[in-house]
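Chemist: following is a predicted model, sequence given first.
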Amino acid sequence: MQRKAYVPGVAALLAALLAGCTGGSAEGGATDETNPGDAGTATAAAEPGRYRTLPEPCGAVGRETLDALLPGIRQITDEEQRERAYQGEATLTYDSDRKVGCRWKVGSAEATDHLLVDFERVVSYDSAVSDDSQAERLFATRRAAADLPEPAVTDSPAGSPSASGTTPSSSAPESAESSASPTASPSASTTPADLQPRVLDGLGDEAFLDDELSSPGSTAEQRTVTVAFRTSNVIVTIEYAEQPMTVGVVPDSKEMQDRARNLASRLADSLAD
């Protein structure tokens, strides 16, 4: 059988091609065409939020706290019925890793009390926006929707310039005395400044409180206190409402706010653990 002749030129061509594939050069330098500066211009993905899961909402509120928020629960004589009242009812959710809640409703001889606790884990689908930043934006929207009043202006000390920049005149004692009378005896409908809807300090990363009176289809007024706070990428909302059985009785604002804030503080602590 006749063999094919070996062509030296072909061998040289193959050697050159192999050398090119290895990326080497006669000086041994790299021939990689990648621009070293490109790696520094790549945008790093935003940090994920602290929380990946949510607590079981109906178990997040202790029985002692429920006793304080829902006084009628201790008046339930049937043990099985009282146990169901403590357990609450989970709210409808389609993704328990993103949003969960629980509600309680208990009546008594004095009033009917409602409690709703809602947990929402915010996730950003924009790689340039962190979960925390997305939660901060959402919380700001909800705070704006609450339409909180502007902080009250503290009265100026006697003899100092007032908010309008003028100094009260000392030559009108009678008018000053007459104006002090209604101040000393505020009407029952007046809400003290420290109980007005407001931004709260020292609760989560940010928080606010709302307080509203309404008459839902009856003459008995219902008070609803809402406390919402954000911790990292989780937003917690508490709605606490009370409607008295007696017409003309108005639920106490301070008492309800204290109860709702106490619960909010406990939930914030449990999230921090």
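Modeler: Great, that's in hand.

Chemist: from residue 254, how far out is the residue nearest to residue 249 when sequence neighbours are not counted?
Modeler: Ranked by C-beta to C-beta, 6 or more residues apart in numbering and with sequence neighbours excluded, the top spatial neighbour of residue 249 is residue 220, at 7.5 Å. Bear in mind the C-beta positions are built from the backbone N, C-alpha and C, glycine included. In this view, residue 220 and residue 254 are 20 Å apart by C-beta to C-beta, to the nearest Å.

Chemist: same question for residue 261.
Modeler: 10 Å.

Chemist: these two: which is more packed in?
Modeler: Looking at residue 261 and residue 254 with other C-beta atoms under 10 Å, you find the greater number of neighbours at residue 261, namely 19 against 12.

Chemist: pull the CA atoms of stretch 64-71 into PDB?
Modeler: C-alpha atoms of stretch 64-71 as PDB (Å, rounded to 0.1, in the frame of the first residue of the first chain):
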ATOM      1  CA  GLU A  64     -51.600  37.300  79.000                       C
ATOM      2  CA  THR A  65     -51.400  39.900  76.200                       C
ATOM      3  CA  LEU A  66     -54.700  38.700  74.800                       C
ATOM      4  CA  ASP A  67     -56.300  38.900  78.300                       C
ATOM      5  CA  ALA A  68     -55.300  42.600  78.400                       C
ATOM      6  CA  LEU A  69     -56.400  43.400  74.800                       C
ATOM      7  CA  LEU A  70     -59.600  41.300  74.900                       C
ATOM      8  CA  PRO A  71     -61.000  41.500  78.400                       C
END
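
Chemist: buried ones in that stretch, by neighbour count?
Modeler: By neighbour count, with 16 or more other C-beta atoms under 10 Å as the criterion, the buried positions of stretch 64-71 are 65, 66, 69, 70, 71.

Chemist: report pLDDT for residue 50.
Modeler: You'll see residue 50 listed with a pLDDT of 88.

Chemist: kindly report the same for residue 245.
Modeler: pLDDT, residue 245: 91.

Chemist: give me the phi and psi for it.
Modeler: Residue 245 adopts backbone torsions of phi -80, psi -20, taken as degrees, to the nearest 10.

Chemist: what do you get for the one 5 residues further on?
Modeler: Torsion angles at residue 250 (phi, psi; degrees, to the nearest 10) stand at phi -110, psi 130.

Chemist: how deep is it tucked in, by neighbour count?
Modeler: By other C-beta under 10 Å, the residues close to residue 250 number 14.

Chemist: distance of the nearest residue to it once chain neighbours are set aside relative to residue 251?
Modeler: Leaving aside its sequence neighbours, residue 250 sits nearest to residue 221 (C-beta to C-beta, 6+ apart; 5.5 Å). Using C-beta to C-beta, residue 221 is found at 7 Å from residue 251.

Chemist: okay, and the common contacts of those two?
Modeler: 243, 244 (C-beta atoms under 8 Å, 6 or more residues apart in numbering).

Chemist: with neighbour numbers in mind, choose between the two.
Modeler: Using other C-beta under 10 Å as the criterion, residue 221 and residue 251 rank with residue 251 on top: 21 against 17.

Chemist: which of the buried residues of stretch 64-71 sits closest to residue 133?
Modeler: residue 65 (32.0 Å; C-beta to C-beta).

Chemist: isn't that closest one up against residue 262?
Modeler: Yes. Checked against C-beta atoms under 8 Å, the pair residue 65 and residue 262 is within contact range at 7.3 Å.

Chemist: for this structure, what spans make up the helices?
Modeler: Using DSSP state H, the helices of the chain run over 8-21, 38-41, 63-69, 79-87, 131-145, 173-184, 253-272.

Chemist: pick out the shakiest of these, pLDDT-wise.
Modeler: Of all the helices of the chain, mean pLDDT reaches its minimum on helix 173-184 (a mean of 38).

Chemist: sketch out the low-pLDDT regions of the stretch 51-200 of the chain for me.
Modeler: Where the stretch 51-200 of the chain drops to pLDDT under 70, the residues are 151-191.
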